[in-house]
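Q: okay, sequence plus prediction incoming.
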Amino acid sequence: MDCSETFFQETITFISISFSPDTSNEQRQVAIEKLNSLMQFEEPLHSLERSLQLAQFLIQQTLPDSEPLCQYSVFYGLKLLTQIVKHRWNVLSQSSREGIGRFCVQCCQTSTVQNREG
């Protein structure tokens, strides 16, 4: 497992902890703080590019729809992507902006196909 995969899996663990009814308030607070810190983009470009990759990874989760963790991961990924577009758009490279556009179109197309099949 490479560094990015470990980072992505840790993020999913924080998401799971923050939404689990079995989690203590202290554990939930720590997990929420970790997730919120990802949206601060402390390191301008490195953190932003990594956050963009994380958002795309979370949105593309392929766990069964009935799995709450999948829904929470997609929710957090969309929230992270929204923060990037709203607050860091001008810092992104042109290729990253175009990539976000293509990714959003792909998500819409995939959602449309799934709705027709379901």
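A: Cool, got the structure. Numbers count the residues shown, from 1 in each chain.
Q: helix or strand with the lowest mean pLDDT in this protein?
A: The helix or strand of the chain with the poorest confidence is helix 44-59; it has a mean of 75 (mean pLDDT, DSSP states H and E).
Q: hmm, who's touching that one?
A: Helix 44-59 has contacts (Cβ atoms under 8 Å, 6 or more residues apart in numbering) with 4, 7-8, 11-12, 15, 38-39, 41, 73-74, 76-78, 80-81, 84, 88, 91-92, 96, 99-100, 103, 107. Where C-beta positions appear, they are placed from N, C-alpha and C, glycine not excepted.
Q: residues near residue 13, how many?
A: 13 (other Cβ atoms under 10 Å).
Q: could you give the mean pLDDT of the helix or strand just after the least confident helix or strand of the chain?
A: Using DSSP states H and E, the next helix or strand after helix 44-59 towards the C-terminus is helix 68-88. Mean pLDDT, helix 68-88: 85.
Q: ok now helix 68-88, how far from the chain's centre?
A: 5 Å (Cα atoms, centre = their mean, to the nearest Å).
Q: show the average pLDDT along stretch 95-110.
A: In this model, stretch 95-110 has an average pLDDT of 87.
Q: could you shift the numbering so residue one becomes 237, and keep it that way?
A: Let's use 237 as the start, then, which means that last one is stretch 331-346.
Q: what comes up buried for that stretch?
A: 332, 336, 339, 343 (16 or more other Cβ atoms under 10 Å).
Q: contacting residues around that stretch?
A: 285, 288, 292, 295, 317, 320-321, 325, 328.
Q: list the contacts for residue 305?
A: Contact analysis of residue 305 by Cβ under 8 Å, 6+ apart lists 248, 251-252, 255, 299.
Q: scan the residues you listed and report the most crowded one.
A: Compared across the contacts of residue 305, residue 251 has the highest neighbour count, 22 neighbours, by other Cβ under 10 Å.
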